[in-house]
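[1] quick one, structure for this:
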Amino acid sequence: MKLLRYILFPVVPIYFLVTWLRNKLYDFGLKSSVSYDLPVICVGNLSVGGTGKTPMIEYLIRFLQTDYKIATLSRGYKRSTKGFIIADKNATASTVGDEPFQFYQKFKNVIVSVDTDRRNGIQQLLKLHPKLELILLDDAFQHRKVKAGFNMLLTAYDNLFTNDLLLPTGNLREPKSGAKRANCIVVTKCPETISEDEKSKIVNKIQPLAYQKVFFSSIVYSNTINNGLKDFELDILKGAKFTLVTGIANANPLVRYLKSENLEFDHLNFKDHYEFTESDIEELKSKSAILTTEKDFVRLQSHFKNAENLYYLPIKIKVDDASDFENLVKNYLK
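    Residues are numbered from 1 along each chain as shown. Sure, this is the predicted structure:
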């Protein structure tokens, strides 16, 4: 796969030209971008997956849900349905997508919606819920038909956009200059021991503009695991051989964490948003115990009716200078 990416390097300048020109058409108003009366916060990235957008959306929900009536709007990647949908009691990971379904299961006071066309999605939300006070756009940084009031750009610590190349050789969806549209930039998945000196070096690499603030966040893993019914101490896995199942863009931080806890496991590593087949499910059911991510759990759960041997490890994110970060968001909302 890596060899193929290098072979396709001559395509990179063409991709650059197409995406750069598209952005310029929006920048100069030759293609229309719609803004809205209510606050719209976009959480996105320049690269394809793996920057932690879902935990960031959840972070924003947790600290804003008591003060605002919130809706999330996602694409609903790999869902079996089309068009605009609001998640309800009949929703599944298949009908709305794994990440939106995760939002729906965790935050009952938040309206969770999906639509590939974000502009239409916002129009439908406002029509059905005129008292909405805030929309969180999930992974819509390149969806320029919508002009979000606040753009939050995420980039992973171990794969900064500044070090990356455009598709198909690299992982960037658009040129690095797209970062200029961000109101703030969050470096995600940092080690908790990251030093101030290293932060300064990263900021120098990013070279934020005068109106941009760079923040750093890290993953906080729970000390409990959950089977959809109740919590168990993570320690129950110590001394027990289990299988780690991941279908996410970058499982390395999770693997490192579990090894740091002296846990022994086999790792079945699937591609991001992997659609498990019947034979995959049968193989997984033969395992004595399975630990997975919350995103994978919502897709696998329906196949394990009695919560047998299937657990997920909850995560949250911690933002350095959290008060400054939250004040920046709240100042926009005011």
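
[2] poorly predicted segments of this protein, please.
    Across the chain, the ranges flagged by pLDDT under 70 are 1, 306-307.

[3] pull the longest strand from it.
    Scanning the chain for the strand with the most residues, using DSSP state E, yields strand 213-221.

[4] gap between residue 275 and residue 251?
    Separation of residue 275 from residue 251 (C-beta to C-beta, to the nearest Å): 17 Å. Any C-beta I mention is one placed from the backbone N, CA and C, and that applies to glycine too.

[5] residues contacting residue 131?
    residue 69 (C-beta atoms under 8 Å, 6 or more residues apart in numbering).

[6] look up phi and psi at it.
    phi -90, psi 10 (degrees, to the nearest 10).

[7] quick one: it from residue 176, how far?
    Residue 131 is 39 Å from residue 176, by C-beta to C-beta.

[8] just to revisit the earlier point, the longest strand of the chain packs against which elements?
    strand 184-188, helix 196-206, helix 252-260, strand 315-319, helix 322-333 (3 or more C-beta pairs under 8 Å, 6 or more residues apart in numbering; DSSP states H and E).

[9] strand partners (parallel or antiparallel) of it?
    Applying DSSP bridges to the sheet, strand 213-221 is found paired with strand 184-188 (parallel), strand 315-319 (antiparallel).

[10] picking up where we left off before, of residue 275 and residue 251, which one has the most company?
    Set residue 275 next to residue 251 and count neighbours by other C-beta atoms under 10 Å: residue 251 wins out with 20 against 12.

[11] thought residue 267 was touching that one, still the case?
    Yes: assessed by C-beta atoms under 8 Å, residue 251 is found in contact with residue 267 at 7.5 Å.

[12] identify the contacts common to these two.
    With C-beta under 8 Å, 6+ apart as the test, residue 251 and residue 267 both reach residue 244.

[13] in the longest strand of the chain, what's buried?
    For strand 213-221, burial by neighbour count (16 or more other C-beta atoms under 10 Å) applies to 214, 215, 216, 217, 218, 219, 221.

[14] in contact with the fifth one, which residues?
    Spelled out, that is residue 218. 189, 190, 191, 192, 194, 317, 318, 320.

[15] confirm the third one sits in a helix?
    No: counting by DSSP: H, G, I helix; E, B strand; the rest coil, one finds residue 191 to be coil, located in no helix.

[16] dump the contacts of residue 218 into CSV; add neighbour count and distance to residue 208 as well.
    Listed next are those as CSV, based on neighbours: other C-beta atoms under 10 Å; distance: C-beta to C-beta, whole Å:
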residue, neighbour count, distance to residue 208
189, 22, 19
190, 23, 16
191, 14, 21
192, 9, 23
194, 15, 17
317, 19, 20
318, 13, 21
320, 17, 15
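
[17] out of those, which is nearest to residue 62?
    residue 317 (10.1 Å; C-beta to C-beta).

[18] mind checking how far whichever strand or helix holds residue 72 is from the chain centre?
    Per DSSP states H and E, residue 72 falls inside strand 70-74. For strand 70-74, the separation from the chain centroid amounts to 13 Å (computed by C-alpha atoms, centre = their mean, to the nearest Å).

[19] list the strands paired with it, with their directions.
    Using DSSP bridges, the strands paired with strand 70-74 are strand 111-114 (parallel), strand 134-138 (parallel).

[20] need the contact partners of that strand.
    57, 61, 64, 97, 99-100, 103, 110-115, 118, 121-122, 125, 129, 132-140.

[21] which residues of the stretch 101-250 of the chain fall in strands?
    Remark: strands assigned in the stretch 101-250 of the chain by DSSP state E, counting those that start in this stretch are 111-114, 134-138, 150-156, 184-188, 213-221, 224-226, 231-233, 242-246.

[22] for the nearest residue to residue 284 once chain neighbours are set aside, which residues count as its bridge partners?
    Spatial nearest neighbour of residue 284, chain neighbours left out: residue 290 (5.9 Å); criterion: C-beta to C-beta, 6 or more residues apart in numbering. Taking DSSP bridges as the rule, residue 290 bridges to residue 243, residue 310.

[23] assess the claim that residue 290 and residue 308 are in contact.
    No: in this structure residue 290 lies outside contact range of residue 308 using C-beta under 8 Å: 9.4 Å.

[24] just to revisit the earlier point, just the buried ones out of the contacts of strand 70-74, please.
    Here, 16+ other C-beta under 10 Å leaves 57, 61, 64, 97, 99-100, 103, 110-115, 118, 121-122, 125, 132, 134-140 buried among the contacts of strand 70-74.
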